[in-house]
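Engineer: need the 3D shape of this:
(2 chains)
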Amino acid sequence: MASAATMMLRNATRRSFVQMSRFNSPAVGSFRMLSSIKFAETHEYVKVEGNIASIGISDHAQTLLGDIVFVELPEVGDEIEKGETFTSVESVKAASDVYAPVSGTIVEVNESLADSPELVNEDAEGKAWFVKVEMSDPSEFDDLITPETYKASLHED
Amino acid sequence: MNCRSFSTQSKPKPKVSFLNLQGSGMSAIERLCLEEALLSHDPLKRSWAIVGTHEPRYNSYLPNPEFNTSNESCLIIMGVGAGGKPDSLLDIEKVKRDGVLAVKRFSGGGAIVVDDSTLWTTFIGRNDDFPHVDPHSESIMAWSANDVFHKVFANMKADALHHNIISSEKKNMVMDTTKSCQAALDNETSGKHPTEDNSTLQTTEMPDFALRENDYVIGERKVGDNAQLIVDGAWLHHTTFLWDYEEENMSYLTLPSKRPEYRGERDHDDFLVKLRSTYALGDDNSSKRAFFYHVKCAAFEAFELEEVLLKDAMKVVDDLGGMKAWFEGGCRTKILDL
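Structural biologist: Here you go, the predicted model:
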């Protein structure tokens, strides 16, 4: 996802966000014991449990998009790479690319979104996760933005 | 370029490359491939304005056996979501029986039928070039309607009115002398002039262009279909305007379950309008050229325009391995197996 807010966020505060994210990472050794959530500048979120990342779009993103009518789901086994498009969502007339916040292999796809794409509008950061990924580089999670920083950036718009 | 500029803007205009595909022999499938390449792989990150029609008989850039065996009268193009459920939007049996090709495009929206009378416009906007346009569907459509298409259709209307006046005057000149004298006598009595009556009548019969919900309309009827793709740092907005169409081709589309409120229960024939019914200037080719001329004039007014030749635009596709490699690889335009 991308927007004018994303542009401002990226241009103004990229370095400080990266530094803050690493400092605030709950990583313990190579494991992340607790389920923790972080966000990408392009409005995707990542929830991590162990080495598995659940990825979806943020609640803010679904508000910007409007009524979601379709989620193009990838397949189990697909490899995704951080920063690259891995799927798209469709609201009325517009398809919007969704970018991988971390790299890895897709181990599960949320099939419920095939018949009920409106779940994204109802519970974007809960039930409407898109994919679960076994991360190939868990340190990529550390580069993402904390929920507090992400929400603060939204208020700056 | 003979367009008069009425712009009084002092702020810089977005830099936009203008690509005219009229007469290029490029089919809709090839154009979709080109558009996606320009959006996502242009090393110069240009914004674009592209015009042209669907020319299905050539497929010069993407020869494919399926194209040669399919029904060339039209092509069905489905949005990224709609393409996953063709049976909900198409009369599959009829499409297969008639050998019509259906493809899935990279942008959103439903299903459309294109042929050589479809007028196709595309805008690719980089967020850096268009800071005044939020990269969301509503904002993009409002911008295109206000900054481009209102002017286009105002000029089309003026052309049509002028054409109608001229045609009426010519018709009057060949009337029987007796009838013309009688008509003149009648008009003198009523205080009206025949051509004034015609132009007044034509004005009231020409509803204005507008953006209604998410559609471009003339009055209460949809005049074309549009869709967008939004990526990081840019957006693409393309529209197919219905200059004319075959009713038989529209019968491949079923009534969609999700419809704009203003449509009601109207079927395609009652919901859609052919531009030629309102804006025809005599022969169709001249009229279509006039439409694209007015698009270019509107673009000239709104942007800092640079004309680009197709061979230069195709370099972006060439860098991806050529049209065939791009189509068979990362390009999201795909033929649907119905």
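Engineer: going forward, measure contacts between C-alpha atoms and count neighbours the same way
Structural biologist: Will do.
Engineer: for residue 153, helix, strand, or coil?
Structural biologist: Defaulting to chain A. When the structure is split into helix, strand and coil by DSSP: H, G, I helix; E, B strand; the rest coil, A:S153 lands in helix.
Engineer: how many neighbours does A:G126 have?
Structural biologist: Residue neighbour count, defined by other Cα atoms under 10 Å in any protein chain shown, stands at 14 for A:G126.
Engineer: which ones are touching it?
Structural biologist: The neighbours of A:G126, taking Cα atoms under 8 Å, 6 or more residues apart in numbering or on different chains as the test, come to nothing; the list is empty.
Engineer: please report phi then psi for it.
Structural biologist: For A:G126, the backbone dihedrals (degrees, to the nearest 10) come out as phi -120, psi -100.
Engineer: ok, stretch B:81-100 near chain A or not?
Structural biologist: Yes. For stretch B:81-100, a contact with chain A is found by Cα under 8 Å from any Cα of the partner chain, at B:G81.
Engineer: so for that stretch, mean pLDDT?
Structural biologist: Per-residue confidence for stretch B:81-100 averages out to 88 on the pLDDT scale.
Engineer: equivalent analysis for stretch A:113-127, please.
Structural biologist: Stretch A:113-127 shows a mean pLDDT of 96 in the predicted model.
Engineer: check the offset of that stretch from the chain's centre.
Structural biologist: How far stretch A:113-127 lies from its chain's middle: 14 Å, per Cα atoms, centre = their mean, to the nearest Å.
Engineer: now the strands for chain A?
Structural biologist: Assignment of strands within chain A using DSSP state E yields the ranges A:36-39, A:44-49, A:52-57, A:68-72, A:79-80, A:85-91, A:94-99, A:104-109, A:131-135.
Engineer: strands along chain B, start to end?
Structural biologist: B:15-20, B:47-53, B:71-78, B:100-104, B:111-114, B:118-126, B:209-212, B:215-218, B:221-222, B:224-231, B:234-242, B:304-307, B:334-335.
Engineer: helices or strands next to the first one in the packing?
Structural biologist: It refers to strand B:15-20. strand B:47-53, strand B:304-307, helix B:310-318 (3 or more Cα pairs under 8 Å, 6 or more residues apart in numbering or on different chains; DSSP states H and E).
Engineer: on that earlier part again, for the strands of chain A, which one ends up most surrounded?
Structural biologist: Between the strands of chain A, the one whose residues have the most neighbours on average, counting mean count of other Cα atoms under 10 Å in any protein chain shown, is strand A:94-99 (a mean of 27).
Engineer: flag every residue of the stretch 1-150 of chain B that's near chain A.
Structural biologist: Those residues of the stretch 1-150 of chain B that sit near chain A, judged by Cα under 8 Å from any Cα, are B:80-81, B:106-110, B:127, B:131, B:134-137.
Engineer: could you identify the buried members of those?
Structural biologist: Of the members of the residues of the stretch 1-150 of chain B next to chain A, the ones counted as buried by neighbours, 16 or more other Cα atoms under 10 Å in any protein chain shown, are B:80-81, B:106-110, B:127, B:134-137.
Engineer: residue of the stretch 1-150 of chain B closest to chain A, please.
Structural biologist: Taking Cα to the nearest Cα, chain A has its nearest neighbour within the stretch 1-150 of chain B at B:G109, 4.0 Å off.
Engineer: which one of the helices and strands packed on strand B:15-20 lies closest to B:A28?
Structural biologist: Smallest distance to B:A28 across these (Cα to Cα): 7.9 Å, for strand B:47-53.
Engineer: who does the closest one touch, helix- and strand-wise?
Structural biologist: strand B:15-20, strand B:118-126, helix B:284-302.
Engineer: other residues contacting stretch B:12-31?
Structural biologist: Applying Cα under 8 Å, 6+ apart, the contact partners of stretch B:12-31 are B:46-62, B:75, B:103, B:114, B:129-130, B:302-310, B:313, B:323, B:333.
Engineer: same thing but 6 Å
Structural biologist: Surrounding stretch B:12-31, the residues in contact under the criterion Cα atoms under 6 Å, 6 or more residues apart in numbering or on different chains are B:47-52, B:54-56, B:58-59, B:129, B:303-308.
Engineer: do stretch B:259-274 as well
Structural biologist: By Cα under 6 Å, 6+ apart, the residues outside stretch B:259-274 that reach it are B:221-223, B:242-244.
Engineer: just these now: which is nearest chain A?
Structural biologist: Chain A has its nearest neighbour among these in B:K222, at 14.7 Å by Cα to the nearest Cα.
Engineer: what's opposite that closest one in the beta bridge?
Structural biologist: Under the criterion DSSP bridges, B:K222 forms beta bridges with B:V217, B:L272.
Engineer: pLDDT score assigned to the closest residue in space to A:E108 that isn't next to it in sequence?
Structural biologist: Nearest residue to A:E108, sequence neighbours excluded (Cα to Cα, 6 or more residues apart in numbering or on different chains): A:K132, at 5.0 Å. Taken from the predicted model, the pLDDT recorded for A:K132 is 98.
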